[in-house]
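Here's a sequence, model it:
(one chain, ligands or ions: 1)
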Amino acid sequence: MAEPKDLEGFIRSGSPEHLLVRRLDFSRLPKHVAIIMDGNGRWARQRNLPRVSGHRAGIEAVRDVVECSARLGLRVLTLYAFSIENWKRPRAEVATLMALLKEYLNKELANINKNNIVFRTIGRFEELDPSVQRELRKAERATAGNSGLLFNIALSYGGRAEIVDACRALMRQARDGALDPEQVDEAEFARHLYTGGQPDPDLLIRTSGELRISNFLLWQIAYAEIWVTETLWPDFRRGELLQALVDYQKRRRRYGGLEAEESPAAHPPEQRILV
Ligand code: FPP
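Got it, this is the predicted structure:
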């Protein structure tokens, strides 16, 4: 499958990034890429700057990765911007993060629309400051008619909280007689997650070298490939995203079953044993 036209002018021909693009098989891109953006604080500390300078610098990385994902033709990108646990940070840091988010939306909304991106929030939305909620709703409404990349931003998000929220929704339906508990299977459960209706992440990227999941998309990453880089988030750019995609395409995904060449030829896929 050919390189998408949208990459023209974004990835310079002959650049190291272009060499990575040429190694990609565009018919096998991950449908959903999720990223744990980590290392803003360390980036700032290395420069003797306050932590919030790291968050500010991280916005440039967000811009680059979002636009690159849209131009590549990815279907879904989810960025972990603020966890439920992040509420424990000093008030001033939380306030700055929220202010940066509003600033990002104000400055970037036109570009998000230009790139045909659908913007959505996942997480405990009602816990956010009303002024932040307003900006987020505005961006969601303004991009709802687009048809390109779905960009989820996880805010006041926790994977366990999401599972609890899905349970509550299902139990309310059962209480009201609208649902038979015996009918709840994995697909029905997944429909009640914040990401209901979206494909699960195929690729999970984490920056700054930590080997943790940090309560991110716990249900959805059951079979995701994990790719970790030592790069701190503010230094992350399209080149590393492309490298992650190239590496992802070298992985052999088995979903607990057998690889195609190992499985008996007469064995149709639907009969293979899947864990
Ligand atoms: C982790 O770094 C990063 C965060 C908690 C927030 C991520 C926020 C941004 C990238 C900027 C704002 C985002 C948007 C979408 C406008 P850390 O502070 O935990 O770093 P450390 O582990 O080095 O201390």
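
Please make it C-alpha for all contacts and neighbour counts, starting now.
Fine.

so what's residue 115 closest to, chain neighbours aside?
Excluding its sequence neighbours, the residue lying closest to residue 115 (Cα to Cα, 6 or more residues apart in numbering) is residue 70, at 6.6 Å.

Let me see the contact set for the one you found.
For residue 70, the contacting residues are 115-117, 148-149, by Cα atoms under 8 Å, 6 or more residues apart in numbering.

so where's the stretch 151-275 of the chain uncertain?
Along the stretch 151-275 of the chain, segments meeting pLDDT under 70 span 260-275.

now the contacts of residue 70 as a markdown table including secondary structure?
Listed next are the contacts of residue 70 as a markdown table, based on DSSP: H, G, I helix; E, B strand; the rest coil:
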| residue | secondary structure |
| --- | --- |
| 115 | coil |
| 116 | coil |
| 117 | coil |
| 148 | coil |
| 149 | coil |
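
ranges for the helices of the stretch 1-150 of the chain?
Assigned by DSSP state H, counting those that start in this stretch, the helices in the stretch 1-150 of the chain fall at 16-23, 40-46, 51-72, 91-114, 130-143.

export the first one as CSV, just CAs?
Output of helix 16-23 as CSV, limited to C-alpha atoms (Å, rounded to 0.1, in the frame of the first residue of the first chain):
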residue,chain,number,x,y,z
PRO,A,16,15.6,9.9,8.4
GLU,A,17,11.9,10.0,9.1
HIS,A,18,11.1,9.4,5.4
LEU,A,19,13.4,6.3,5.5
LEU,A,20,11.2,5.0,8.3
VAL,A,21,8.0,5.8,6.4
ARG,A,22,9.4,3.8,3.5
ARG,A,23,9.8,0.8,5.7
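
now that helix against helix 51-72, angle please.
For helix 16-23 against helix 51-72, the angle by axes from the mean of the first three to the mean of the last three Cα atoms, to 10 degrees is 40 degrees.

Up against the ligand, what does this structure have?
Neighbours of the ligand within the chain, by Cα under 6 Å from any ligand atom: 37-42, 55-56, 58-59, 81-82, 97, 100-101, 104.

go again using 5 Å as the cut-off
Within the chain, the residues that sit near the ligand (Cα under 5 Å from any ligand atom) are 38-42, 55, 58-59, 81, 101.

Identify the farthest-apart pair in these.
42 and 101 (19.9 Å; Cα to Cα).

Quickly compare the helices of the stretch 1-150 of the chain and say which is most buried.
Mean neighbour count (mean count of other Cα atoms under 10 Å) peaks for helix 51-72 among the helices of the stretch 1-150 of the chain, with a mean of 20.

how many degrees apart are that helix and helix 91-114 in direction?
Going by the same axes, to 10 degrees, helix 51-72 makes 20 degrees with helix 91-114.

How far off centre is helix 51-72?
Relative to the centre of its chain, helix 51-72 is centred 13 Å away, using Cα atoms, centre = their mean, to the nearest Å.
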